[in-house]
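1. Provided below for reference: sequence and predicted model.
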Amino acid sequence: MADGLQIAIRTLLAVVVLFTITKILGKRQVSQLSLFEYITGITLGNLVAYVSMDLNTEWYLGLIALGVWSLVSLGIEFLQLKSKKMRDFLESKGRVLIKDGKVLEDNLKKERLTTDELMEQLRKKMAFRVADVEFAIMESSGDINVLLTRENQPITARHLGIKVGPEQEPQAVVMDGKVMDEPLATMGLSREWLNKEMEKIGVTVENIYLGQVDTYGEFYVDLYDDQIKVPIPQEKASLFSILKKCEADLMLFGLTTRNKKAKEMYERCAAQMVGIIEDLRPVLQR
């Protein structure tokens, strides 16, 4: 067999084996790899190159080496799942770098981290002053996570005492001009509903690059032609304005009527409408 053909066959075989091993070992981002996983990745790459290019040795020896490394890696991962001590030994523990706005210089030295590198990582977390940081820790992956002081944390609805409606992930019901039936069924919707929504905005399914339905059944589309402007769904805003108008009408009827019982009824209904609007506000004003 010609050397070139033999190398091609070996390379294809090595790629298949490496892909299979990678699927078995699982997937992680490079920043999440432990030291042993990093070493394993480098070793597997070298072994694949050995299997592909070294024609002077038997190719199956490289596959055996790949298998042994894979089994060792799986064994290490199993031990990590079962033992906290093993996780700490292989991945090390997180180390606190800042506490109560004070830099812990000794811990910086242990991690061989300079002040410039620390400040760079803090700026990535939108913390430009050490005094604004309540707590910072270097994780075993090397990432630095930051907890800002209470006054420097972003304001949320909870801080303002505002209730917000629950949120679920939107479903892509149209993709590349094709209707996705499974996400539609997940949302409890049908193709007839989708066709009506497309008629409202005047588009056909072939013109839609991506169409999504949110938690509240509103349909958002991105078209192939970016020059076409698609109206933003206004159902929730319209319903909110109708409810506010009903509230105003009930209050007006209560003010203008001379019948005492009717006035009490209108005022009672207006108060109930206010309660309904407040209950629905987190949903209607998202």
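-> Nice, thanks for sending it over. Since the model is a prediction, treat every value here as computed from it, not as a measurement. Numbering: from 1, shown residues only.
2. Please make it C-alpha for all contacts and neighbour counts, starting now.
-> Fine.
3. what kind of secondary structure is the residue nearest to the spatial centre of the chain in?
-> Residue closest to the mean C-alpha point of the chain, counted by C-alpha atoms, centre = their mean, is Glu169 at 9.9 Å. Following DSSP: H, G, I helix; E, B strand; the rest coil, Glu169 is assigned to coil.
4. residues contacting it?
-> Contacts were defined as C-alpha atoms under 8 Å, 6 or more residues apart in numbering; by that measure Glu169 touches Asp214, Thr215.
5. The one 5 residues further on now?
-> Shown in contact with Val174 (C-alpha under 8 Å, 6+ apart): Met180, Val205, Ile208, Tyr209, Leu210, Gly211, Gln212.
6. so where does the closest residue to it other than its chain neighbours fall, helix or strand?
-> Closest residue to Val174 apart from its sequence neighbours, by C-alpha to C-alpha, 6 or more residues apart in numbering: Gly211 at 4.6 Å. If you go by DSSP states H and E, Gly211 is part of strand 208-213.
7. Give me the contacts around that strand.
-> With C-alpha under 8 Å, 6+ apart, strand 208-213 has contacts from 170-177, 219-224.
8. still on that earlier bit, show me how to select, in ChimeraX, the buried members of the contacts of Val174.
-> Of those, the buried ones go into a single ChimeraX selection, burial set by 16 or more other C-alpha atoms under 10 Å:
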select :180,205,208,209,210,211,212
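9. now the contacts of Val174 in JSON lines, with distance to Leu113?
-> Shown next, in JSON lines, are the contacts of Val174 (distance: C-alpha to C-alpha, whole Å):
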{"residue": "Met180", "distance to Leu113": "50"}
{"residue": "Val205", "distance to Leu113": "54"}
{"residue": "Ile208", "distance to Leu113": "50"}
{"residue": "Tyr209", "distance to Leu113": "47"}
{"residue": "Leu210", "distance to Leu113": "45"}
{"residue": "Gly211", "distance to Leu113": "47"}
{"residue": "Gln212", "distance to Leu113": "45"}
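10. Would you mind putting the contacts of Val174 into a markdown table with pLDDT and distance to Gly75 alongside?
-> Shown next, in a markdown table, are these (pLDDT from 0 to 100; distance: C-alpha to C-alpha, whole Å):
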| residue | pLDDT | distance to Gly75 |
| --- | --- | --- |
| Met180 | 90 | 41 |
| Val205 | 88 | 50 |
| Ile208 | 89 | 48 |
| Tyr209 | 90 | 45 |
| Leu210 | 91 | 43 |
| Gly211 | 90 | 44 |
| Gln212 | 90 | 43 |
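11. next structured bit after the host helix or strand of Asn107?
-> Asn107 belongs to helix 105-110 when assigned by DSSP H and E. Per DSSP H and E, the first helix or strand lying C-terminal to helix 105-110 is helix 115-124.
12. out of the contacts of strand 208-213, which is most surrounded?
-> Val173 (25 neighbours; other C-alpha atoms under 10 Å).
13. Contact partners for that residue?
-> Val179, Met180, Asp181, Pro183, Leu184, Leu210, Gly211, Gln212, Val213 are the contacts of Val173 under C-alpha under 8 Å, 6+ apart.
14. Shouldn't it be within a helix?
-> No - applying three-state DSSP, one finds Val173 to be strand, outside a helix.
15. In space, what's closest to it - neighbours in sequence excluded?
-> Per C-alpha to C-alpha, 6+ apart, closest to Val173 is Met180, 4.8 Å.
16. That's all I had, so thanks and see you.
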